[in-house]
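# what's the 3D shape of this:
(2 chains)
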Amino acid sequence: MPAPNKHCIFYRVYTIKSRRQCMTENNTARYTARFIESARRVGAEVLQVDSLQDAVTYIKDKAKGTALVPETSLVRRHHLRALLSEAGVDVFTEKFRNAGQMPGTGVTFCNFCLADSGTVVLESTDEEIRLATTLPELHFILVDPATILEDNLAAVEPMTTFHQGHAPKFIAYITGPSRTADIERVLTIGCHGPREVHILLVNGISSDLFEN
Amino acid sequence: MATDETYKKSVEDAIANPKLSKALHLFGDAYLIARENAFKGLDFEAMRTELAAMKDDVRIRRKELLAEFIKNAEAAGSKVFIARDTKEANDYVIKLAKEKGAKLIAKSKSMVSEEAHLNKALEAQGIRASETDLGEWIIQLAGQRPSHMVMPAIHMFKEEVAELFTKESGTRLSPEIKTLVDHARQRLRKEYFNADIGLTGANFLIADTGGIGLVTNEGNARLCATLPKVHVVFAGIHKLVRNMEDAIKITRLLPRNATGQLLTSYITWIRGAVPVSGEQKEQHIILIDGGREALYESQVCQNALRCIQCGACANVCPVYQTVGGHVFGSIYISAIGIILTAFYEGLDKAKEITRACIGCRSCVAVCPAKIDLEEIILHLRNEVTKEYGMGVVKNIAFKAVMKNRTLFHSMVRAASKLQRPVTQKKSGGSERRIIRHLPLHFMEKDFTEWRDLPSIAPKSFRDQFNTILQHVTKPLYRVGFFVGCGADFVYPEVGVSLIKVLNALDVEVVFPKGQNCCGIPALYAGDTETGVDLAKQSVEAFTEANVDYILAICPTCTMAVKRDFVDRLADHPQWSAKAMALSSKTMDAAAFLENILGASEKLRAMDLVKDSGSTKTVTYHDSCHLKRGSNVWKEPRALLMASGHQIKEMKNSDRCCGFGGTYSFLSHPQISRQITKDKVATIEDTGVKIVATDCPGCMIMLKGAVGKADETIRCAHTMELLAESLNENY
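Down below sits the predicted model:
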């Protein structure tokens, strides 16, 4: 595209647009840095990887036992189950309720994240998603940095959109691993939810906040 | 009197067990740091103002919003039931459980279920409820009730927990926290899978979505809401918010203020009957009134329902830190607990704890919903007094003596001569004889064992004033001095110092003799009638004096003249107009000096520090009502520094000294004693030999207790130190 002529009536439109684009890119970088810092502070492992394949390799190295990988639209689109299986992860193929009371691993994508608190937001109305994120010892979450929002105020809009209509909804904010301080106020990780949360940042998964 | 005795014993037992108090102190200190970090870069004041406005709007529109919530929840497949009281709520759960043939209910934390004694009700019907929140499970096994809103088992130690878990499981567990948490994880996992019903509370009931929000850390609420086929939501109607935005805004305040977290590990938003094992889950939402509607209707107390249950009012409360939540509370504990107990369980149940508040306003400063907890508690105390009386001592002291200015002041003079405050006979009236035989509630053997009591000054300030010569040729201002009882009868030298400082800065001081006690002691005891009478006397005196400003050197008096007189006289139009006129020109002496006169600049110009060797180091104690009542804390520091003092801050400088007026003499001297001990320790830690403060009440406490602990430490009013600097140099 040729550089806009200052006298051209579209000049303002051009500049505004490119500024906005710039801002989005800057924000993504800024929010990503903030998100990584915040999520680590609450005890999550965060790693930026170059490709989904690298993420799969990481999961393979760390995963324990059988892995619950709910069939979501992103899982299907990116063939995540197949990739994990091929890499040697024991992907559970039955209904997750049959995976025992303490399965080893859960792997999911997410909808979006909150930079200031290190939170991952996951629409979990499908029961399989809920089981895969509440029962396992380890939870691996694949995140597209383009979906990192500044803070939970920025989440008001997508959260409101999620609740349009009357369909049943279950949305989880996950900020680090499960924790308690109920005995002598000593912070202890791994009370009822996952003991470990691994967040893998992979570009290009999906920038759609309503898809997971 | 039986409850009195039981309560008194519970206070004594708590104080005899310093292990808990020590733990709560450590927690309180760590909490303050974590909270400060969590709010970095955010405007807490603006956030809580917004929350308060939002909650007030919900209160006003609650009927409409509740209907909206129900409509939306039902449209998403939920069944909604409104329970007028907790019994109806329990009955609903029991009926549902019977219909489903349910034997086990997995429960996540719900305070209203504690309020309803739901577990007991279920048990009576042969239905087992298993708590799954670690803290709740611990206290369930121990057969106790929560002692903190957010950390229910904060009063227990790992050894006790190991004992409980060992007993329950039959396997010996070591008292190691990690081991105990792991055990709970394994053991409770079975419960979620075996439960027929999962029961959760709700932090939010969102009107425009019909959904609920749950704020948790452990992940048990998610499991309770996911695994069993039936989900019961047990929630108080005050959890209502308008929309997602409201709820999200609360999530920005709640974890930060509760535990210093930016967000808890989990926030779970559930709307309607979500799928379960290929079917639709059954979701029942029980909305419980249980006294909330009455609280909403109470003009004076309604703000208490703004509460988002963060527990911060306990975390910062010196009384809570001293005796714990089992003594200072019922189902709900600490400041908010006093109010909720009165409304949910009855005034009778709240009778003792309304008096246990020391009035330091720490809770008010930290409350994310901007609830003036202290004011509501004072109102309830007044109700308690109306209902049950305030005790013989206070009755005579306030009603018979203080209301009568001449009698009060002549009695003090008499007492001064005999050097025993108000306990000696002079003219032989029967009141005094009774006063001498104080049935001192708590005040038995050790009243002066741990602190010296001040003696009444030989000559009160009011008797000295006329002898003080003021050399102010061209006064910038004429100010009226509201002396207050502490400076009038115990420390008149503070008033004398104030005149010296003001005169040096070209201000003339007027002393209206018709003034009387500010009335706060009577009000704090719940005696409004005496409070009104005393307010009228002082309003009259100062209106006649016609001065530019009214200054007090006691922050409690400042609050009384500035804020309470107007409220107290609201029912008497001519009086309230006069009180209002005085209110706008009343302030604490330090605030006047610094903010009106710009004194620190003037003092610095006087060059009071001739050489660096003459700088004195002081540590400063912020009195509760000065800092949290008038927001004055920078001013005295600025004045002290400008007059040649260096300040070495003590830890928690704004933590209560334990005085609390009659609290430390009559109602709860043992609790006071503990709080004072903490203060003395922080003063001693600084190694500084002068502690400055701006409150005669704090001076009574600190001079007495510091004096016993270390005779070389001196406690002085800021005005005395300023006057001395002027003395040394002029």
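# And the strands in the stretch 201-350 of chain B?
B:204-206, B:211-216, B:230-236, B:240-241, B:266-271, B:275-276, B:279-280, B:282-288 (DSSP state E, counting those that start in this stretch).
# Quick one: closest of those strands to chain A.
Across these, the minimum distance to chain A, taken as CB to the nearest CB, is reached by strand B:266-271, at 3.8 Å. Bear in mind the C-beta positions are built from the backbone N, C-alpha and C, glycine included.
# circling back: TSV please, covering the strands of the stretch 201-350 of chain B and showing mean neighbour count, distance to chain A and mean pLDDT.
Shown next, in TSV, are these (neighbours: other CB atoms under 10 Å in any protein chain shown; distance: least, CB to the nearest CB, whole Å; pLDDT from 0 to 100):
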stretch	mean neighbour count	distance to chain A	mean pLDDT
strand B:204-206	27	8	98
strand B:211-216	26	7	98
strand B:230-236	25	10	98
strand B:240-241	25	12	98
strand B:266-271	26	4	98
strand B:275-276	18	5	93
strand B:279-280	12	8	90
strand B:282-288	23	8	98
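# Among the ones you listed, which comes closest to B:Ala369?
strand B:240-241 (12.3 Å; CB to CB).
# The closest one pairs with which strands, and in what direction?
When sheet partners are counted by DSSP bridges, strand B:240-241 sits next to strand B:204-206 (parallel).
# And stretch A:118-131, end to end?
22 Å (CA to CA, to the nearest Å).
# ok, now stretch B:143-155?
13 Å.
# of all the strands of the stretch 201-350 of chain B, which lies closest to A:Ser124?
strand B:266-271 (8.7 Å).
# Contacts only, for B:Leu305.
B:55, B:59, B:238, B:292, B:295-296 (CB atoms under 8 Å, 6 or more residues apart in numbering or on different chains).
# count of neighbours near the closest residue to it other than its chain neighbours?
Distance criterion CB to CB, 6 or more residues apart in numbering or on different chains; nearest residue to B:Leu305, sequence neighbours excluded, is B:His238 at 4.4 Å. By the criterion of other CB atoms under 10 Å in any protein chain shown, B:His238 has 24 neighbours.
# related to what we said a few turns ago, out of the contacts of B:Leu305, which comes closest to A:Val89?
Using CB to CB, these come closest to A:Val89 at B:His238, 47.2 Å.
# gap between that closest one and chain A?
22 Å (CB to the nearest CB, to the nearest Å).
# thought that residue was touching B:Gly290?
No. Counting by CB atoms under 8 Å, B:His238 does not reach B:Gly290; the two are 10.1 Å apart.
# what pLDDT does the residue nearest to B:Leu305 get?
We have a pLDDT of 97 for B:His238.
# Give me the nearest residue to the residue in chain A that chain B sits nearest to, chain neighbours excluded.
Residue of chain A nearest chain B, by CB to the nearest CB: A:Gly193 (2.7 Å). Excluding the flanking residues, the one nearest A:Gly193 by CB to CB, 6+ apart is B:Gly219, at 2.7 Å.
# For B:Ser584, grab the count of nearby residues.
For B:Ser584, using other CB under 10 Å, the count is 11.
# Looking at it now. What's its pLDDT?
94.
# Skipping its backbone neighbours, what lies nearest residue 44 in space?
Picking chain A for this. The nearest residue in space to A:Ala44 (CB to CB, 6+ apart) is A:Val197, at 4.4 Å.
# Oops, wrong one, chain B.
In space, B:Phe44 is closest to B:Pro368, 7.8 Å off (CB to CB, 6+ apart).
# Please report how far the one you found lies from chain A.
In terms of CB to the nearest CB, B:Pro368 sits 15 Å off from chain A.
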